[in-house]
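Visitor: One predicted model, sequence on top.
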Amino acid sequence: MPQTVLIVDDEKRLVSLVQSYLTQEGYRVVTAYNGKEALDVSRKEKPDLIILDIMMPEMNGYDFMRTHRTGRDTPIIMLTAKVEDDDKVIGLELGADDYVAKPFKPRELMARVRNVLRRAGKSEPKGKTLRVADITLDRDSREVFVGERSTDLTPSEFDLLAALMTTPGRVFSRLDLLDVIQGVRYEGYERTIDTHVKNLRAKIESDPRKPLHIETVYGVGYRLNKG
């Protein structure tokens, strides 16, 4: 069964263009033209990926993510004409996995779609369970437990934590981690790692302001304490 992609944008010509490319790539496509409509479509269709515009009538993309993210970890690619770093960070803090600025090349968007879907459901060696301190990460089921508590992570957060847990104590640069979660080492997006780490700490640390697990190595990047 083909994977389902939900396109949410109030520009109907753009929706039609992206839909045609996705259909050619073999995806099943559903559409919505504002955030409120997208909530209904996403509940009904349960898409594997959402391509989401930010500036829309009735409900913008940020408000959609705040509502949709409750109990869901669907990968989201932001597609928007807003290119300021602050706008990008807001989206990432709300759980977006990638960011594509308008105007864009359709083939670039298709590559990002494939990459995000791969990261969300890529296969790992069976039985590959990582344990560091009180954190357990299962690559088969893509589940994470902190102690006995199950923790829902976005695909980017999961891949970031898996990389850190693979070699506890190793210092990863931001570019290293960007390569892990996006498959590219593009310096323009290097600081987005800080946002993902902030989100991850909020989910796995007892006090994110005084993290015990993910340590900042100033001027370099991050490492996971061996516990």
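Guide: Ah, there it is.
Visitor: separation between Asp53 and Lys44?
Guide: 20 Å (CB to CB, to the nearest Å). Yep, even glycine has a C-beta here, placed from its N, CA and C like the rest.
Visitor: the more surrounded of these two?
Guide: Asp53 (26 against 9; other CB atoms under 10 Å).
Visitor: mind listing what the more buried one touches?
Guide: For Asp53, the contact set (CB atoms under 8 Å, 6 or more residues apart in numbering) comprises Val8, Asp9, Asp10, Glu11, Gly61, Met78, Leu79, Thr80.
Visitor: Return the distance of the residue nearest to it when sequence neighbours are not counted relative to Thr136.
Guide: What sits nearest to Asp53 in space, not counting adjacent residues and going by CB to CB, 6 or more residues apart in numbering, is Asp9, at 3.9 Å. Distance of Asp9 to Thr136, computed by CB to CB: 39 Å.
Visitor: Please say which of the two ends up with more neighbours.
Guide: Asp9 (24 against 18).
Visitor: isn't the more buried one right next to Leu79, touching?
Guide: Yes: counting by CB atoms under 8 Å, Leu79 is a contact partner of Asp9 at 6.7 Å.
Visitor: anything in contact with each of the two?
Guide: In contact with both Asp9 and Leu79: Val18, Ile51, Leu52, Asp53, using CB under 8 Å, 6+ apart.
Visitor: I'd like to know which of those is nearest to Ala96.
Guide: Nearest to Ala96, judged by CB to CB, of the shared contacts of Asp9 and Leu79 is Leu52 at 7.5 Å.
Visitor: May I see the buried residues of stretch 136-151?
Guide: By 16 or more other CB atoms under 10 Å, the buried positions in stretch 136-151 come out as Thr136, Leu137, Asp138, Arg139, Arg142, Val144, Val146, Thr151.
Visitor: For these, name the two members farthest from one another.
Guide: Arg139 and Val146 (16.5 Å).
Visitor: follow-up on the earlier one: looking at the shared contacts of Asp9 and Leu79, which one is closest to Glu108?
Guide: Val18 (11.7 Å).
Visitor: mind checking how far the residue nearest to that closest one when sequence neighbours are not counted is from Arg13?
Guide: Closest residue to Val18 apart from its sequence neighbours, by CB to CB, 6+ apart: Ile7 at 5.4 Å. Going from Ile7 to Arg13 by CB to CB gives 12 Å.
Visitor: Who has more neighbours out of these two?
Guide: Ile7 (26 against 8).
Visitor: can you map out the helices along this structure?
Guide: 12-24, 35-45, 61-68, 85-93, 106-121, 155-166, 174-182, 192-204 (DSSP state H).
Visitor: Would you convert the ones you listed into a markdown table that also reports mean pLDDT and distance to Val217?
Guide: Listed next are the helices of the chain as a markdown table, based on pLDDT from 0 to 100; distance: least, CB to CB, whole Å:
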| stretch | mean pLDDT | distance to Val217 |
| --- | --- | --- |
| helix 12-24 | 88 | 40 |
| helix 35-45 | 94 | 38 |
| helix 61-68 | 90 | 30 |
| helix 85-93 | 74 | 21 |
| helix 106-121 | 85 | 24 |
| helix 155-166 | 88 | 12 |
| helix 174-182 | 76 | 10 |
| helix 192-204 | 92 | 12 |
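Visitor: what's around Tyr99, how many residues?
Guide: When neighbours are counted by other CB under 10 Å, Tyr99 registers 22.
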